[in-house]
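> model this:
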Amino acid sequence: MANGTLWILVGNASRARLFATDAKAEEDWRLVEEFHHDESRARQAELIEQADNPNAGTLHGPPAENEPNGRRELEHDRFARELSVFLDKAHDRRDFDKLVIAAPPGFLGRIRRLLSARVRQRVLLDVDSDYSNVPAKELPNRVPVI
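Okay, here's the model as predicted:
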């Protein structure tokens, strides 16, 4: 991508969209990628039925998946990790120069914790709002980028 590329990640714990524009946000937003994590939207009972994951929980105490909403929290963390890994790889390819992240407060905190230091340095702005269901053409009027 060209120098001066601004990426805008808009999402929540189950879906996210990544848009690109020029650093001055003068161009239209172009969809770069869509992400979906269906497990984050599943009911707790459905998640517990799928609990054959040996990596879930801890060695000290009950597995987090057996705690109230524990499996859902694990899935939210997994999705935040997936997004942060994607952003790390994109950073290494120099696909973007600046980043804006718009997500609900809880999920925004998860993403912040998982971003590498080099990606965090590119974050221009965090917006603690859920715009995941807002049509793409309306997002530039809702998400402040400059």
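> list the buried ones in stretch 91-99?
For stretch 91-99, burial by neighbour count (16 or more other C-beta atoms under 10 Å) applies to 91, 96-99. In short, each C-beta sits where N, CA and C put it, glycine included.
> Going toward the C-terminus from the longest helix seen in the chain, what's the next helix or strand?
For the chain, the helix with the greatest residue count under DSSP state H is helix 70-92. Note on helix 70-92: by DSSP states H and E, the next helix or strand toward the C-terminus is strand 98-102.
> worst-scoring helix or strand of this protein, pLDDT-wise?
helix 44-49 (a mean of 46; mean pLDDT, DSSP states H and E).
> show me where this protein has strands.
5-11, 15-22, 30-36, 98-102, 123-127 (DSSP state E).
> Let's have those in JSON lines, adding distance to Ala117 and mean pLDDT.
Below are the strands of the chain laid out as JSON lines (distance: least, C-beta to C-beta, whole Å; pLDDT from 0 to 100):
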{"stretch": "strand 5-11", "distance to Ala117": "17", "mean pLDDT": "95"}
{"stretch": "strand 15-22", "distance to Ala117": "20", "mean pLDDT": "94"}
{"stretch": "strand 30-36", "distance to Ala117": "22", "mean pLDDT": "95"}
{"stretch": "strand 98-102", "distance to Ala117": "13", "mean pLDDT": "96"}
{"stretch": "strand 123-127", "distance to Ala117": "11", "mean pLDDT": "95"}
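> which residues sit in contact with Phe96?
Residues in contact with Phe96 (C-beta atoms under 8 Å, 6 or more residues apart in numbering) are 1, 5-7, 20, 90, 122.
> ok, now how distant is it from Asn141?
Relative to Asn141, Phe96 is positioned 22 Å away (criterion: C-beta to C-beta, to the nearest Å).
> quick revisit: only the buried residues of the longest helix of the chain, if you could.
Residues of helix 70-92 classed as buried: 70-80, 83-84, 87, 90-91 (neighbour count, 16+ other C-beta under 10 Å).
> Just give me how far it sits from the chain centre.
Counting by C-alpha atoms, centre = their mean, to the nearest Å, helix 70-92 is centred 7 Å from the centre of its parent chain.
> and that helix, what other elements does it pack with?
Judged by 3 or more C-beta pairs under 8 Å, 6 or more residues apart in numbering; DSSP states H and E, helix 70-92 is in contact with strand 5-11, strand 30-36, helix 44-49, helix 105-114, helix 117-120.
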